[in-house]
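Novice: Fold the following for me, if possible:
(chains A and B)
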Amino acid sequence: KNQVEQSPQSLIILEGKNCTLQCNYTVSPFSNLRWYKQDTGRGPVSLTIMTFSENTKSNGRYTATLDADTKQSSLHITASQLSDSASYICVVSYQTGANNLFFGTGTRLTVIP
Amino acid sequence: NAGVTQTPKFQVLKTGQSMTLQCAQDMNHNSMYWYRQDPGMGLRLIYYSASEGTTDKGEVPNGYNVSRLNKREFSLRLESAAPSQTSVYFCASSEGAGAFYEQYFGPGTRLTVT
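Specialist: This is a model prediction of the structure:
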């Protein structure tokens, strides 16, 4: 069964600290993996996309890693800011088809001053 | 350039009532999607339209119908609302329907059915 699991479900960190969010998946055949940020009351916005051959991708203070062999990904946030408070959703795609996205349930990050 | 817009933002319905959720995009995208998001669950695809003139069922289509009115607009209709349809509904669009096309999401419609 194709699944995407994220951990932890929620996380509270102090402003300025770093954190790492995890994503494990069983989707096969794998095409790509995206991390989305969803602010409260808003739609998800893509942060990064990685294909099978990529193992690291950065977007400012966000760095995503991918290990396609173990089917694991992580999102590392450096020097967190209050505006990083959001849900972070891992989304894994099949290789083919239009209906091909599998969404994780997200990690709810709260950054406190 | 507004991206993906959805109306209404909030709606309360009584069981059995009908309504249509509207979605429009101004990015000249070919593909459009409707998702629902429930607490503790990932987004689930209701229906999608890979290109103008086509629509297909997603993971959870029961109780819904869609219309791809033109390239810009994709509406979702609830014919007889049920409490199980209480959810947040997101419309999305992408340039194409393949795995490498990024989906751009609207702000969502929060629907409560009593």
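
Novice: Apart from its chain neighbours, what residue comes closest to residue B:41?
Specialist: residue A:105 (6.1 Å; C-beta to C-beta, 6 or more residues apart in numbering or on different chains). All C-beta atoms are positioned from the backbone trio N, CA, C, and that covers glycine.

Novice: Extract the residue ranges of the chain that are flagged as low pLDDT.
Specialist: Just so you know, I chose chain A. Applying pLDDT under 70 to chain A flags the ranges A:97-98.

Novice: Not quite, go with chain B.
Specialist: For chain B, applying pLDDT under 70 flags the ranges B:1.

Novice: Of all residues in it, which one is nearest the centre?
Specialist: Nearest to the mean C-alpha position of chain B, by C-alpha atoms, centre = their mean, lies residue B:34 at 2.7 Å.

Novice: so where does that residue fall, helix or strand?
Specialist: Assigned by DSSP states H and E, residue B:34 falls within strand B:31-37.

Novice: Mind checking what helix or strand follows that strand in sequence?
Specialist: Scanning forward in sequence from strand B:31-37 by DSSP H and E, the next helix or strand is strand B:44-49.

Novice: Any part of that following strand near chain A?
Specialist: Yes. Against chain A, strand B:44-49 shows contacts by C-beta under 8 Å from any C-beta of the partner chain at B:44, B:45, B:48.

Novice: pretty sure the first one contacts residue B:62?
Specialist: No. Counting by C-beta atoms under 8 Å, residue B:44 does not reach residue B:62; the two are 11.7 Å apart.

Novice: More neighbours: those two, which one.
Specialist: Taking neighbours as other C-beta atoms under 10 Å in any protein chain shown, residue B:44 and residue B:62 compare with residue B:44 leading, 15 against 9.

Novice: residues from chain A in reach of chain B?
Specialist: A:4, A:31-32, A:34, A:41-46, A:49, A:89, A:93-106.

Novice: Return the set of residues that bridge with the spatially closest residue to residue B:42 that is not a sequence neighbour.
Specialist: Spatially, and ignoring its direct neighbours in sequence, residue B:42 is nearest to residue A:103 (3.3 Å; C-beta to C-beta, 6+ apart). Under DSSP bridges, the beta-bridge partners of residue A:103 are residue A:91.

Novice: Against residue B:44, how distant is residue A:103?
Specialist: From residue A:103 across to residue B:44, the span is 8 Å (C-beta to C-beta, to the nearest Å).

Novice: Strands of chain A, residue ranges please.
Specialist: Using DSSP state E, the strands of chain A run over A:4-7, A:10-14, A:19-25, A:30-38, A:45-51, A:56-59, A:62-67, A:72-77, A:86-94, A:101-103, A:107-112.

Novice: returning to what we had before: please name the bridge partners of the residue nearest to the centre of chain B.
Specialist: residue B:47, residue B:91.

Novice: Okay, strands next: where are they in chain B?
Specialist: B:4-7, B:10-13, B:19-25, B:31-37, B:44-49, B:56-57, B:64-68, B:74-78, B:87-94, B:104-105, B:109-113.

Novice: now for the fourth one, which elements pack on it?
Specialist: I take that to be strand B:31-37. strand B:19-25, strand B:44-49, strand B:64-68, strand B:74-78, strand B:87-94 (3 or more C-beta pairs under 8 Å, 6 or more residues apart in numbering or on different chains; DSSP states H and E).

Novice: and of those strands, who's closest to residue B:11?
Specialist: Residue B:11 lies closest to strand B:19-25 among these, at 6.3 Å (C-beta to C-beta).

Novice: what sits up against the closest one?
Specialist: B:3-8, B:11, B:13, B:32, B:34, B:72-78, B:81, B:89, B:91, B:93, B:104, B:106, B:109, B:111 (C-beta atoms under 8 Å, 6 or more residues apart in numbering or on different chains).
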